[in-house]
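Sequence plus the predicted model coming up.
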Amino acid sequence: MIYQNDVCNPKEKKHFLEKSCPLPPSSVKTVEALIQRQTALVATYGANGLHWHTTSTAPFATGLGNEHPIENGFAFLTPYGLPYLAGSGFKGILRRAAEELALDNDTQNDDGWTWVDIWWLFGFEGAVNKGSQWDSDSDLGHAFERDSYKLAANANLHELLQRLANIDKSMARYADSSDRTAAAQGFLQACLAGSTLRGGLQWRGAVDCWDVYPQPQGNRMVVEIMTPHHGPYYRGDSNPHDSHSPIPVNFLAVPAGSAFHFFAVCHAQKLPQGLQNRWRALLDAAMHHACEWVGFGAKTSVGYGAMQKPAPLPQPAPAKEPRAATTSTEQPIAPVEEGIIWQEATLTYSRNTSEITAGNPPKKTKPLKGDLAKAFLNALPEKQRTRLTKDGAFRNVPVVVKQDGNTWELLRPATTG
């Protein structure tokens with residue numbers, strides 16, 4: 001029994017956790033399928049898609065604060081029971097790495113990360129979290145105050161303030177075109193003075209980060225241990241002293257040597273001209289810093305979540321600017337950054353040539369062939385993929401398309417399943 005008289009038995013708890021460590025074959029195949037689908041889907045974004053592949057050099061743990069009958073939880077993907085790091089957690093770590101790099105860029109020039117770059121790519125956060133740029137007692141807070149006068153002359157900040165003013169009329173005074181630097185300085189000082197202004201700002205960054213599914217070394221998790229020495233002090237029962245006994249606490253982790261695939265998408269068309277040629281190198285630098293110095297998941301301050309530095313991202317050819325989408329009255333369409341969505345398209349599949357087309361009468365896309373067709377199939381939910389390849393057609397599928405002259409190109413499914 002793990003609990004006896006409402007007290008957890010450490011030995012029984014460890015035994016229970018060790019029995020839970022192996023991943024069944026079905027879970028291993030599910031993780032492989034998820035990563036395969038992510039790889040195929042990110043490829044459809046072209047130069048805007050990012051994929052880092054690395055290996056952990058230390059155990060990885062996340063979700064330890066989740067409620068659980070054995071005290072320490074873990075983040076498992078519902079309902080599959082797979083260990084994972086939520087995309088929001090991945091994005092938060094990337095942002096933290098970018099902030100640390102901006103802290104070291106005391107000139108705030110385009111050679112590295114600037115605070116304005118962080119707002120464009122990750123969004124504007126006005127909350128005063130401990131250690132954030134708005135915490136005047138933190139290193140980031142000191143650095144931001146130091147750099148604020150340099151930021152006021154940043155053209156990317158001027159454009160951000162203009163876009164905010166287009167959304168919120170109360171921001172118009174900070175987008176004064178007669179003296180942009182003075183207006184930007186007023187905005188920064190107002191943000192530093194309190195949360196009244198910054199707390200109401202809504203600005204979503206251009207980067208989306210996807211959930212991360214580790215592939216545990218040996219297809220099994222491991223049991224780690226921590227030994228807090230001053231339990232009565234942490235509970236507020238006494239002062240800390242040497243007579244307190246350490247209490248072992250076991251918890252689950254993904255072992256060192258496990259494979260990790262990190263995926264992100266940057267909607268580069270939302271960025272200012274000054275970031276168009278820099279965002280990819282900036283995110284790559286942030287990812288390398290996160291792997292080597294920040295760490296992923298929980299307990300990073302004691303070395304957990306460290307990764308090998310991934311290979312540098314390849315530099316693809318610049319993506320073509322999407323042409324303006326035409327309106328359609330036959331079936332509903334919805335605009336997206338790369339084109340439009342045909343909400344009720346009919347997919348057809350040729351068993352002879354393995355080509356895929358999408359129809360939205362009277363429109364029809366050019367056939368997808370070869371690797372592009374395979375990537376599209378892999379990005380479809382399994383049920384749709386099976387029906388399409390078996391029956392040769394599948395109706396009412398939302399797909400993303402774009403117009404290229406007089407033809408239409410099929411890009412990807414509009415949903416990831």
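Happy to help now that I have it.

so what's residue 407 up against?
365, 366 (C-beta atoms under 8 Å, 6 or more residues apart in numbering). Using the backbone N, CA and C atoms, a C-beta is placed for each residue, glycine as well.

helix, strand or coil for residue 128?
At residue 128, secondary structure determined by DSSP: H, G, I helix; E, B strand; the rest coil is coil.

What of residue 343?
Applying three-state DSSP: residue 343 is strand.

Would you agree residue 40 is in contact with residue 373?
No - look at residue 40 against residue 373 with C-beta atoms under 8 Å: they stay out of range, at 10.7 Å.

my guess is residue 38 contacts residue 210, does it?
Yes - between residue 38 and residue 210 there is a contact under C-beta under 8 Å: 6.1 Å.

any common contacting residues for these two?
In contact with both residue 38 and residue 210: residue 263, using C-beta under 8 Å, 6+ apart.

buried stuff in the helix or strand harbouring residue 42?
Under the criterion of DSSP states H and E, residue 42 resides in helix 25-43. Neighbour counts over helix 25-43 (16 or more other C-beta atoms under 10 Å) mark 27-28, 30-31, 34-35, 37-43 as buried.

Can you report how many residues lie near residue 166?
Residue 166 has 11 neighbours, counted by other C-beta atoms under 10 Å.

Would you mind measuring from it to residue 90?
30 Å (C-beta to C-beta, to the nearest Å).

got it, and residue 136?
In terms of C-beta to C-beta, residue 136 sits 28 Å off from residue 90.

out of the two, which sits in the more crowded spot?
residue 90 (23 against 12).

If we ignore the residues flanking it in sequence, what's nearest that one?
With sequence-adjacent residues excluded and distances taken as C-beta to C-beta, 6 or more residues apart in numbering, residue 90 is closest to residue 209, at 4.4 Å.

Buried residues in the very next helix or strand once past the helix holding residue 42, which are they?
Proceeding C-terminally, helix 25-43 gives way to strand 49-55 as the next helix or strand, assigned by DSSP H and E. Using 16+ other C-beta under 10 Å as the test for burial, strand 49-55 gives 49, 50, 51, 52, 54.

cool, stretch 167-184 as well?
Buried residues in stretch 167-184 (16+ other C-beta under 10 Å): 171, 174, 175, 176, 180, 181, 183, 184.

How about stretch 392-405?
Within stretch 392-405, the residues that qualify as buried are 394, 397, 399, 400, 401, 402, 403, counting by 16+ other C-beta under 10 Å.

pLDDT below threshold where in this structure?
Scanning the chain for pLDDT under 70 picks out 1-13, 65-73, 106-110, 315-339, 405, 415-417.

Can you tell me the element the residue of it most remote from its centre falls in?
The C-alpha centroid of the chain is most remote from residue 243, which lies 45.0 Å away (C-alpha atoms, centre = their mean). Under DSSP H and E, no helix or strand contains residue 243.

all helices in the stretch 301-417 of the chain, in order from the N-terminus.
370-379, 382-391 (DSSP state H, counting those that start in this stretch).

what helices or strands is the last one leaning on?
Helix 382-391 sits against strand 339-349, helix 370-379, strand 393-404, with contacts defined as 3 or more C-beta pairs under 8 Å, 6 or more residues apart in numbering; DSSP states H and E.

Mind putting those into CSV with distance to residue 64?
Formatted as CSV, the helices and strands packed on helix 382-391 follow (distance: least, C-beta to C-beta, whole Å):
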stretch, distance to residue 64
strand 339-349, 39
helix 370-379, 33
strand 393-404, 38
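
The ones you listed: which one's closest to residue 313?
helix 370-379 (18.8 Å; C-beta to C-beta).

List the buried residues for the closest one?
372, 373, 375, 376, 377, 378, 379.

quick one: the residue lying closest to the fifth one once chain neighbours are set aside and residue 347, what's the gap?
Counting by C-beta to C-beta, 6+ apart, residue 377 lies nearest to residue 385, which is 5.5 Å off, once chain neighbours are set aside. Residue 385 sits 10 Å away from residue 347 when distances are taken as C-beta to C-beta.

same check, this time on residue 414
From residue 414 to residue 347 the distance is 12 Å (C-beta to C-beta).

More neighbours: those two, which one.
residue 347 (25 against 17).

Please identify the buried residues of whichever helix or strand residue 275 is part of?
Assessed by DSSP H and E, residue 275 sits inside helix 273-276. For helix 273-276, a neighbour-count test (16+ other C-beta under 10 Å) marks 274, 275 as buried.

any idea which helix or strand comes after it?
helix 279-289.

elements contacting that following helix?
Taking 3+ C-beta pairs under 8 Å, 6+ apart as the contact cut, helix 279-289 packs with strand 49-55, helix 87-104, helix 115-122, strand 259-266.

Cheers, nothing more for now.
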